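Visitor: just need the structure, nothing else, for what follows:
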Amino acid sequence: MQLESLKMFCDVVETGSFSRAAQLNHVTQSAVSQQIRALENRYEQKLLSRSARQVTPTPAGERLFRGCKEILARFAEVEQEIREQSAEVHGTTTVSTIYSVGLHELRNVQKQLLKTHPKVNMRLNYRRNDQVYDDVILGAAEIGIVAYPQPRAGVDIHPFRDDKLAVVCSPNHPFASKAKVSLTALSGVPFIAFDREAPTRKALDRLVREKNLDLNPVMEIDNVETIKRAVEMGIGVAILPMATVAAEVAQGTIVSKPFAEGPVSRPIGLLIRKGKYLDRASAAVLEAFKLAEASTEES
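Guide: Take a look at the predicted model:
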């Protein structure tokens, strides 16, 4: 029995999909099926239960999965120890991130990484929220960054930070003269919203329903940069993370106002593929996230 066969089996269990396991191992779906059949023949019992929507392990398959993960994890550690004889950590780690975090909130992380591990490079891929999950599961990125992280098969979630949200408007808008803006004041006001599939939009829609508000979206946009430009033009107001408008507020092109009802925030999470062994470069990047957030909380 080869380790490659065990890895394919574990990938099928973790992703719930033969096709995704094939992508991860750079083989055809037929090749994955053949390896699974060989394992089932070896143990003379069914290891996977196949349905129209997902593949799940049988009790025997679950036991084999747990044992295989231990073997594969230890083998990966030994391989990495052999490769990493140098005391200095170096390498490139790919991070897939949503635009609003990657463009505005990772400067402190990059500074921390440069300070602690100057030879580690953090390469950013800007993606939509659902694409970040796929990148992590399929191995296209070692770390993912999403808003409102949701449990998903094959992914571990590490809390990163909470983004404070605020009402933003142009300097000429009536809200600009107020100290705070209540949620109820947004009813009937031209509003610029994220598109309906964005997690931040879904969370705001839930808040609107809870408060029985009557928002009037005049535009629905899929990225924070275009929303800011529309706000600057006076087309409407928006609700955005404060960090994303810091530069415009400093320049005086956008005004940011807190909520009268109290702080409103969105959680940001880091995604790691479940059971994935992080090499030293990726571990250094993950540690930089934690240190950067810790220093932000202390200041």
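Visitor: only C-alpha atoms for contact and neighbour calcs from this point on.
Guide: Fine.
Visitor: OK, contacts around residue 36?
Guide: Neighbouring residues of residue 36 by C-alpha atoms under 8 Å, 6 or more residues apart in numbering: 5, 8-9.
Visitor: so which of these sit within helices?
Guide: When those are checked against helices using DSSP state H, the ones located there are 5, 8-9.
Visitor: just to revisit the earlier point, now the contacts of residue 36 in TSV, with pLDDT and distance to residue 246?
Guide: Output for the contacts of residue 36, formatted as TSV (pLDDT from 0 to 100; distance: C-alpha to C-alpha, whole Å):
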residue	pLDDT	distance to residue 246
5	88	51
8	91	46
9	91	48
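Visitor: out of the residues you listed, who's the most crowded?
Guide: If you count neighbours using other C-alpha atoms under 10 Å, the busiest of those is residue 9, which has 26 neighbours.
Visitor: identify the residues contacting that one.
Guide: Taking C-alpha under 8 Å, 6+ apart, we find residue 9 in contact with 32, 35-36, 65.
Visitor: how about residue 118?
Guide: The contact partners of residue 118, taken as C-alpha under 8 Å, 6+ apart, are residue 90.
Visitor: against residue 268, how distant is the residue of the chain most remote from its centre?
Guide: Within the chain, residue 44 marks the point farthest from the mean C-alpha position, 40.1 Å out by C-alpha atoms, centre = their mean. As for residue 44, its distance to residue 268 is 45 Å (criterion: C-alpha to C-alpha, to the nearest Å).
Visitor: quick one: mean pLDDT for stretch 78-87?
Guide: If you average the pLDDT over stretch 78-87, you get 69.
Visitor: just give me the neighbour total for the nearest residue to residue 54 once chain neighbours are set aside.
Guide: Residue nearest to residue 54 in three dimensions, not counting chain neighbours: residue 16, with 5.2 Å by C-alpha to C-alpha, 6 or more residues apart in numbering. Neighbours of residue 16 under the rule other C-alpha under 10 Å: 21.
Visitor: just residue 230 next, same as before
Guide: Residues within reach of residue 230, counting by other C-alpha under 10 Å, total 19.
Visitor: by contact count, what packs against the strand or helix carrying it?
Guide: With secondary structure defined by DSSP states H and E, residue 230 is part of helix 224-232. Counting contacts by 3 or more C-alpha pairs under 8 Å, 6 or more residues apart in numbering; DSSP states H and E, helix 224-232 is packed against strand 155-169, strand 190-194, strand 238-241.
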